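Novice: Sharing a model that was predicted from the sequence below.
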Amino acid sequence: MENLIYQHFSDINLNDPFFDGLKADYSEFSDWFTKKANAQDSAYVLYNINRCIEGFMYLKFEKEEVQDVSPALPYGLHLKIGTFKFESVGTRRGERFIKKMFDLAFENHADNIYVTVFSKHDYLMNLFQRYGFVIHGSKNTPNGIENVLTKDMYSTKTDMLENYPMVSSNSRKYLLSIYPTYHTRMLPDSILNNETHDIIQDVSHTNSIHKIYLCAAYGVQGLKRGDSLIIYRTSDRPGQARHRSVITSLCVVEEVRSINEFASLTDFLKYTSAYSVFTKDELVYFYNSKKYPNIIKFTYNAALKKRVTRGQLIDEGCILDERINLLEVNHSNYLKMLQLGNVNERFIID
């Protein structure tokens, strides 16, 4: 069972020790929680293998002028992060929650996202700011002064991470093939209908917005930061690629490195292990054998709502009937692929 679930407050254990810190920071937390339970509201909850809570996020849409912060937020559709806390334990859980909130904001055409955070929670401040949140102002509460951070869902910034999850239309575009063995472990929101949620684990390469993939595809060393990638999941059955190879995800290249750049195995493992789907033993083997010399680091920006098969791509003229490892595609075919995949057009910016 997937451990990050959307659950009614009434089904969440308020007495779990996880909530002790929130109760200490917010004197009204228990009363607020009970009101949400009575209203049948829900939140994202992360459970560990022992069913203890290790992450919690409550999101709420507000279509109004937000006047309890200074300066006020103008009238619009705001996605408020009402409560957000997680135990990091080194697995990039915060990034997985960040991606969930962005997905929801896009799905509902929110104008912005905002959150209030005490300065002492610097890890949260840094996490939000990394992905384009800025300090808008402050909020005075009985519990103290909180920072108000906002993310404008329409503004464009120069840095690709601050723009996340939006993708520049001015970039070069490619199809990148990934074997089924690694695909869903690395891109959990792009799970196929015939796959089981049991394979999605609470580990860094699953939670993270950032991914590292090793391959031997020709041309990978020519990729540049900001290039767009449409992930092409290869067939899991020989001879059935037309119906079982599909495009699933929209990603953006952060950087490309060669396995030969690393002076030692230790340096290589330090760079790859946290964001890679490969086990340590596999990485050691790859380093020693140089079997997969190209290392791609990329961001996971969006899952295609509709899986588009290889056959559809050929019939629509997006690709030729050829083997795909890394294939550059033109702008019009790129947009057609995203349209076929029912990707929200707001993900693409000039």
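Specialist: Looks like it came in fine.
Novice: Tell me where the model's unsure across this protein.
Specialist: Scanning the chain for pLDDT under 70 picks out the ranges 1-2, 89-91, 184-207.
Novice: Outline the domain layout of it.
Specialist: Here the domain parsing of the chain from automatic domain parsing is 4-154, 167-349.
Novice: Please name the bridge partners of residue 232.
Specialist: Residues found in beta-bridge contact with residue 232 (criterion: DSSP bridges) are residue 177, residue 247.
Novice: Could you tell me how many residues sit around it?
Specialist: Each residue near residue 232 was counted by other CB atoms under 10 Å, and the total is 25. Any C-beta I mention is one placed from the backbone N, CA and C, and that applies to glycine too.
Novice: Also residue 236?
Specialist: One way to gauge burial is a neighbour count; for residue 236, by other CB under 10 Å, it gives 16.
Novice: how far away is it from residue 123?
Specialist: Note on residue 236: its distance to residue 123, by CB to CB, to the nearest Å, is 39 Å.
Novice: Walking through the stretch 51-200 of the chain, point out its strands one by one.
Specialist: Taking DSSP state E, counting those that start in this stretch as the test, the strands found in the stretch 51-200 of the chain are 53-66, 73-86, 112-117, 134-141, 144-152, 167-168, 173-178.
Novice: could the ones you listed go into a markdown table alongside mean neighbour count and distance to residue 228?
Specialist: A markdown table is the format used below for the strands of the stretch 51-200 of the chain (neighbours: other CB atoms under 10 Å; distance: least, CB to CB, whole Å):
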| stretch | mean neighbour count | distance to residue 228 |
| --- | --- | --- |
| strand 53-66 | 18 | 28 |
| strand 73-86 | 18 | 25 |
| strand 112-117 | 22 | 23 |
| strand 134-141 | 15 | 25 |
| strand 144-152 | 19 | 21 |
| strand 167-168 | 20 | 6 |
| strand 173-178 | 22 | 5 |
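Novice: Show me the one of the domains of the chain that comes nearest residue 161.
Specialist: domain 4-154 (6.1 Å; CB to CB).
Novice: what about stretch 11-21, start to end distance?
Specialist: The first residue of stretch 11-21 is 20 Å away from its last residue (CA to CA, to the nearest Å).
Novice: Wait, residue 57 touches residue 101, no?
Specialist: Yes. Under the criterion of CB atoms under 8 Å, residue 57 lies in contact with residue 101, with a separation of 7.1 Å.
Novice: Residue 128: what's its closest spatial neighbour, skipping adjacent residues?
Specialist: Spatial nearest neighbour of residue 128, excluding adjacent residues (CB to CB, 6 or more residues apart in numbering): residue 149 at 5.1 Å.
Novice: Contacts only, for the one you found.
Specialist: 114, 115, 116, 117, 125, 128, 129, 133, 134, 135, 136 (CB atoms under 8 Å, 6 or more residues apart in numbering).
Novice: Now with 10 Å, please.
Specialist: The contact partners of residue 149, taken as CB atoms under 10 Å, 6 or more residues apart in numbering, are 81, 113-117, 124-125, 128-129, 132-137.
Novice: Next one: it from residue 181, what distance?
Specialist: Residue 149 sits at a distance of 39 Å from residue 181 (criterion: CB to CB).
Novice: Pull the contacting residues for residue 316.
Specialist: If you count contacts by CB under 10 Å, 6+ apart, residue 316 has them with 308, 333, 336, 337, 339, 340.
Novice: cool, residue 34 as well?
Specialist: Applying CB under 10 Å, 6+ apart as the definition, the contact partners of residue 34 turn out to be 9, 10, 14.
Novice: In a markdown table, list those along with distance to residue 283 and secondary structure.
Specialist: Shown next, in a markdown table, are the contacts of residue 34 (distance: CB to CB, whole Å; DSSP: H, G, I helix; E, B strand; the rest coil):
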| residue | distance to residue 283 | secondary structure |
| --- | --- | --- |
| 9 | 42 | helix |
| 10 | 44 | helix |
| 14 | 42 | coil |
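Novice: Buried ones from those residues, can you make that a ChimeraX selection?
Specialist: Below is the selection syntax for ChimeraX that covers the buried ones among those, with 16 or more other CB atoms under 10 Å defining burial:
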select :9,14
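Novice: With distance to residue 50 as added columns, please give the contacts of residue 34 in TSV.
Specialist: Conversion of the contacts of residue 34 to TSV gives the following (distance: CB to CB, whole Å):
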residue	distance to residue 50
9	21
10	21
14	18
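Novice: between the contacts of residue 34, which is nearest residue 227?
Specialist: Residue 227 lies nearest to residue 9 out of the contacts of residue 34, by CB to CB, at 42.5 Å.
Novice: doesn't residue 36 make contact with that closest one?
Specialist: Yes. Assessed by CB atoms under 10 Å, residue 9 is found in contact with residue 36 at 4.3 Å.
Novice: Mind listing the shared neighbours of those two?
Specialist: Common contacts of residue 9 and residue 36 (CB under 10 Å, 6+ apart): 42, 43, 58.
Novice: was I right about the first one contacting residue 59?
Specialist: What it means is residue 42. Yes. Between residue 42 and residue 59 there is a contact at 9.3 Å, judged by CB under 10 Å.
Novice: tell me, what's touching those two both at once?
Specialist: Common contacts of residue 42 and residue 59 (CB under 10 Å, 6+ apart): residue 6.
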